[in-house]
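S.K.: Need the 3D shape of this:
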Amino acid sequence: MTAEPQSDQPSGIPPPIGVLPDPGIPDPPWRRLAPGMLLVEPVRELIRFIPMLIVLIFAGRVGDTGPPWGLVATGAVIALGISRYATTRYRISDALVEVRRGVFQRRHLTVPRDRIRTVDVSAHPLQRLLKLVKVEIGTGTSHHGSEAVALDGLPASAAGQLRAELLHRAAATGDATPRATSDESAEETVLARLDRRWIGFAPATLSGVITGAVLISLAWRIAGEARIRPSEIGVVAQLLRSLRSSPLWLDVLLVAGVVMLAVTILSVAGYVLSFWGYTLTRHARGTLQVTRGLLTTRATSIEERRLRGVDRFEPLLLRWFGGARLNAIATGLRHRGSENGSAVLVPPAPVAIVTAVEDAVLGNTRIGAAALIPHGPAARRRRYSRALGVTAVLIAVLLVLSVRVGWLVVPAWSSLLALPVAALLARDRYRGLGHALIDDHLVARSGSLARHRSVLAVSGVIGVTLRQSYFQRRAGLISLTATTSAGAQRYVVPDLPDTIALDLAERLVPQSGTIRVAVAHDAGRQHTA
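M.R.: Next up is the predicted model:
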């Protein structure tokens, strides 16, 4: 094994980039991450193995003999963290970004410089304390489950220049001429900034329900592994005794109030942790940057030339409060998805703010508030028939079962109240259904409980699929799916009148050669026209 060349520059500082390659100059040397990762990596591994360490520590206390497995496991986890730092190398050349890492299985990850689409800079509390950051580099050819190329442990002072060089050099200049990066902030325009009043939308996102479920399941798992019974804890036992002695209706109200209070607190806390310090800026050289986070900060940069559109998400509860959120439809974000926040352009905020930012990002003031074309009486009937039909079948099953099971009589007759609820849901689903083609952008809106209003550039559509089930064929309806390489990759315009669907398909992919029509009847036979 040959020794790796060493560099004269300080550890963790990337070599100068942004200059034309010279065939006579050898490749830059491999470098280590910043020394602060010697503390970060062991701490990260200890947190990862907390459940196992708790079990081993408690198991070691059961008997007086035998090795101290808890201490042995803790030492092994710390050694694993140190080895991760010791085996990680990276280098940045004029053509490539390369990372080597791995203890038992070595990995060599490579990103060509001209394929870089996004740069995501983040730092959790310990990294912020040590003035370190993690830089994730995204490409437009990333796939689900693929391993991202990340430089986890660079000095925070080098992150801004690295991000500017990786994204702005080719995007704005079209060549490899180095550009000064000291005045990056002077070239940025603020499109949106967090207003503290937006935090009031947090309970409407129901994120507190998810957070509470995760915390409860984690606590339950730890208690089970540690053989702790909550009913034997003094405070819990006293609370259970008081609930048994009070009326049932009072217990239900008390529990409901506690749950609502807990959900509200957790939702607000989650919103503040995720979006505190939120700022959306546009760089003059063609990138959008979203900065946010209280404890763990994140700055995501997206090339605008890779932006294919935006998606406005309006779940039912958030919509009732007059709010929405905005996500980017862009290549290079697909392998991470939008759910973990890498595609967020605007957090839950007033719909007027979201619409204004949507227009600013798209550079068109006509799209955000544009009226959509309704899909007609057949689509309306389809929504009512599906909602009321499924609900009626479920109610009938309950009524039949109540004949044999006595205690189901009251729930069965009470389920009749679901019919007007289903009718209201069907009405809302039709009101939210619509589409439009405005200035070479397809606008598609659908859904009720989770409504999406997607704006997709026609230039980003690479194919169109028309699907027609047996019932749609009888109603003269077709569902159109626009395929793109960005975002969710498939954006559906459901239940279009057949003539409108065919016309829209021709306008989305003119002279495309073929339009695939998948027909659900006749044993799933497919026809291509």
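S.K.: tally of neighbours for Ala76?
M.R.: Neighbour count of Ala76, defined by other C-beta atoms under 10 Å: 11. C-beta here means a position set from N, CA and C on the backbone, and glycine is covered the same way.
S.K.: List the buried residues in the host helix or strand of it.
M.R.: Following DSSP states H and E, one finds Ala76 within helix 69-86. By neighbour count on 16 or more other C-beta atoms under 10 Å, the buried set for helix 69-86 is Gly70, Ala73, Thr74, Val77, Leu80, Gly81, Ser83, Arg84, Tyr85.
S.K.: dump the residue contacts of Phe471.
M.R.: By C-beta atoms under 8 Å, 6 or more residues apart in numbering, the residues touching Phe471 are Arg382.
S.K.: what about it, is that helix, strand or coil?
M.R.: Following DSSP: H, G, I helix; E, B strand; the rest coil, we place Phe471 in the helix state.
S.K.: quick one: the residue lying closest to Phe49 once chain neighbours are set aside from Leu38, how far?
M.R.: Spatially, and ignoring its direct neighbours in sequence, Phe49 is nearest to Val77 (5.1 Å; C-beta to C-beta, 6 or more residues apart in numbering). Distance from Val77 to Leu38, counting by C-beta to C-beta, to the nearest Å: 14 Å.
S.K.: and if you look at Val351?
M.R.: 48 Å.
S.K.: neighbour count winner among these two?
M.R.: Neighbours were counted for Val351 and for Leu38 using other C-beta under 10 Å; Val351 has more, 20 against 15.
S.K.: Against Glu358, how distant is the more buried one?
M.R.: Using C-beta to C-beta, Val351 is found at 10 Å from Glu358.
S.K.: and if you look at Arg106?
M.R.: As for Arg106, its distance to Glu358 is 45 Å (criterion: C-beta to C-beta).
S.K.: Looking at those two, which has the bigger crowd around it?
M.R.: Neighbours were counted for Arg106 and for Glu358 using other C-beta under 10 Å; Glu358 has more, 25 against 9.
S.K.: Name all residues that make contact with the closest residue to that one other than its chain neighbours.
M.R.: Nearest non-adjacent residue to Glu358, counting by C-beta to C-beta, 6+ apart: Gly368, 4.4 Å away. Gly368 is in contact with Thr355, Ala356, Glu358, Asp359, Leu362, counting by C-beta under 8 Å, 6+ apart.
S.K.: so where's the stretch 401-529 of the chain shaky on pLDDT?
M.R.: Along the stretch 401-529 of the chain, the model assigns pLDDT under 70 to residues 406-410, 511-529.
S.K.: just the helices in the stretch 151-300 of the chain please.
M.R.: Here the stretch 151-300 of the chain has its helices, by DSSP state H, counting those that start in this stretch, at 156-173, 207-225, 234-245, 248-275.
S.K.: typo on my end, the stretch 351-500 of the chain
M.R.: 351-362, 376-404, 409-414, 418-431, 470-475, 498-508.
S.K.: any idea which of those is most buried?
M.R.: Of the helices of the stretch 351-500 of the chain, the one with the most neighbours on average (mean count of other C-beta atoms under 10 Å) is helix 351-362, at a mean of 19.
S.K.: From the chain's centroid, how far away is that helix?
M.R.: 20 Å (C-alpha atoms, centre = their mean, to the nearest Å).
S.K.: avg pLDDT for it?
M.R.: The average of the pLDDT scores along helix 351-362 is 95.
S.K.: for that helix, packing partners?
M.R.: In terms of contacts (3 or more C-beta pairs under 8 Å, 6 or more residues apart in numbering; DSSP states H and E), helix 351-362 is packed against strand 188-193, strand 307-315, strand 323-330, strand 344-350.
S.K.: If we use 10 Å, what do you get?
M.R.: strand 188-193, strand 279-283, strand 307-315, strand 323-330, strand 344-350, strand 450-457 (3 or more C-beta pairs under 10 Å, 6 or more residues apart in numbering; DSSP states H and E).
S.K.: Lovely, talk soon.
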